[in-house]
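Trainee: sharing a model that was predicted from the sequence below.
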Amino acid sequence: MQRTEQQRALIVKGMPPTADVRLFAVSDIHVETEENQQWLHNISSTAFERDAIIVAGDVSDDIELLEQALTLLAAKFHTVFFTPGNHDLWLTREDAASGMRDSISKLHELLDTCKRLGVATEIQRIGTPVAGIRVCPLLSFHHQSWDTEPDVQGWAIPTAEQTMMDYRNCHFKKPLSMMDDSVARAVDELNEGVAGAATPLEALSADLSALSVRQLREQCKRRGVDTEGLVEKSELVDALQDTAGSLAAAGSAGGNAAGSADEPLVTFSHFLPRIELLPEKRFLFLPPLAKASGSTFLHARLLALRPAMHVFGHTHFGWDATFEDDGVRYVQAALGYPQERRSRWHTLTVGSFGADGPLLLWSASEGFAPHMHCRWSGFYEHHAREPERAFELASYAAQRFSKTDKRGVEVMPDFSHEGKSGAAGVRMLADDPALFRPTC
């Protein structure tokens, strides 16, 4: 890549090009458990001083514990990015005692807490003067219509409202309701402020020519671009692109510039933007999970923003997959609960994530991390998605539900492509693999 004059000047004045900056990720750290708190404390206090970390939701329903966790991470990393998950929006007795009555109010309180702590909840550039990426948090919430695949049939499986705790622990003022898409829409609309006053689409779109003259002038005003004498649309686009390039060159780890549209964009959310990021219902321990996992509004954001990578959480499955239709690489590195890690670490693990700390996504010196094998995203590299097989249910899930139709049949996913390690089901580990490296 050819360096601009501004970049050459910055290399001389400040950061040398050999100095590295990295981006890591984790989700679902659920610090109510002692083991997960220990995992946080085990992260080195010196190894990540120049680096950034994405925390993709579900830290704690206890605001005090959440603040402690983010404060600890902020002491270990140069930049901490955060977006809330469903557990973070649960209303507790302490919330009620303080007068908080709805989850939208709690969301705003969390964003205010992050601002006070210096935790990033808006788009920000990280990197060196010569190599950087833009990281953009996205707010989201699930809605049932996101799930477009057939429900499991022939088995007595309860509904999402009966099984998912969000329907009891999250509260929204009318007319908002989790029984339709109004909550998900309302939360998504809060993204209109993630890049200052601009919408994500306006602020980040690589194709500025898609914006109207009015929108381009608004962008120039927000970014302090002098438009005197600029009449043609092409002149406004050129002025914005020049400014974006200057911001990118001036950026450093922790810089608040949006960066250049030529630099990769990494977005992240707690919830899933597309159904293909979740195993089919017949393979889920709790099939109704699909009704409380994703957002079509979130997916629409990604189609507009066109990130190189999107990080998500919520479902507690290790994931690394790229789809041809949008070219986006989707990654999940969920810490989950201690019992999950001991019983099914093989479905959570991704890359070096675990006892070595959070997952490395990108570095200024090497770019994005190579593709990483994950059990379930790897499964779909070898098998077509077949949600129409609605009467099937995995044996490890079927034992929890009674059969209501003779067509109901137990199955097991085929992991034979993994060789000897391909058996499905529980694999109990003696030690927590997030605290000790597995020996089996």
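Mentor: On my side now, so go ahead.

Trainee: can you pull out the low-pLDDT segments for the stretch 301-440 of the chain?
Mentor: By pLDDT under 70, the low-scoring segments of the stretch 301-440 of the chain are 420-426, 437-440.

Trainee: what are the ranges of the strands in it?
Mentor: Assigned by DSSP state E, counting those that start in this stretch, the strands in the stretch 301-440 of the chain fall at 309-312, 319-322, 329-332, 359-363, 367-368, 392-394, 409-411.

Trainee: pick the most buried one from those.
Mentor: Most buried of the strands of the stretch 301-440 of the chain by mean neighbour count (mean count of other Cβ atoms under 10 Å) is strand 309-312; its value is a mean of 28. C-beta coordinates here come from the backbone N, C-alpha and C atoms, glycine included.

Trainee: who are the packing partners of that one?
Mentor: strand 265-268, strand 329-332, strand 359-363 (3 or more Cβ pairs under 8 Å, 6 or more residues apart in numbering; DSSP states H and E).

Trainee: so what touches that strand?
Mentor: 25, 27, 54, 56, 264, 266-273, 277, 302, 319, 328-333, 361-362, 368 (Cβ atoms under 8 Å, 6 or more residues apart in numbering).

Trainee: try it again at 7 Å.
Mentor: Residues from elsewhere that reach strand 309-312, judged by Cβ atoms under 7 Å, 6 or more residues apart in numbering: 25, 54, 56, 266-273, 277, 302, 328-332, 361, 368.

Trainee: let me see the backbone angles for residue 168.
Mentor: phi -100, psi -30 (degrees, to the nearest 10).

Trainee: about what we covered before: mind putting the helices and strands packed on strand 309-312 into JSON lines with distance to residue 178?
Mentor: Converted to JSON lines, these look like this (distance: least, Cβ to Cβ, whole Å):
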{"stretch": "strand 265-268", "distance to residue 178": "23"}
{"stretch": "strand 329-332", "distance to residue 178": "23"}
{"stretch": "strand 359-363", "distance to residue 178": "30"}
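
Trainee: which among those strands is found nearest to residue 379?
Mentor: Closest approach to residue 379 among the helices and strands packed on strand 309-312 (Cβ to Cβ): strand 329-332, 14.2 Å.

Trainee: describe which strands that closest one pairs with in its sheet and in which direction.
Mentor: Strand pairing for strand 329-332, using DSSP bridges, gives strand 309-312 (parallel), strand 319-322 (antiparallel).

Trainee: any chance of those in JSON lines, plus distance to residue 135?
Mentor: Formatted as JSON lines, those follow (distance: least, Cβ to Cβ, whole Å):
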{"stretch": "strand 309-312", "distance to residue 135": "9"}
{"stretch": "strand 319-322", "distance to residue 135": "18"}
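
Trainee: rewinding a little: between the helices and strands packed on strand 309-312, which gets nearest to residue 400?
Mentor: So among those, strand 329-332 is nearest, using Cβ to Cβ, at 24.3 Å.

Trainee: residue 366: neighbour count?
Mentor: Neighbourhood size, residue 366 [other Cβ atoms under 10 Å]: 12.

Trainee: show me where the stretch 1-150 of the chain has strands.
Mentor: Going by DSSP E, counting those that start in this stretch, the stretch 1-150 of the chain shows strands at 22-26, 52-55, 79-82, 124-127, 132-137.

Trainee: and residue 169, how many residues sit next to it?
Mentor: 15.

Trainee: follow-up on the earlier one: now the strands of the stretch 301-440 of the chain in JSON lines, with distance to residue 78?
Mentor: Shown next, in JSON lines, are these (distance: least, Cβ to Cβ, whole Å):
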{"stretch": "strand 309-312", "distance to residue 78": "18"}
{"stretch": "strand 319-322", "distance to residue 78": "25"}
{"stretch": "strand 329-332", "distance to residue 78": "21"}
{"stretch": "strand 359-363", "distance to residue 78": "13"}
{"stretch": "strand 367-368", "distance to residue 78": "19"}
{"stretch": "strand 392-394", "distance to residue 78": "43"}
{"stretch": "strand 409-411", "distance to residue 78": "47"}
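
Trainee: among the ones you listed, which is nearest residue 380?
Mentor: strand 319-322 (7.0 Å).
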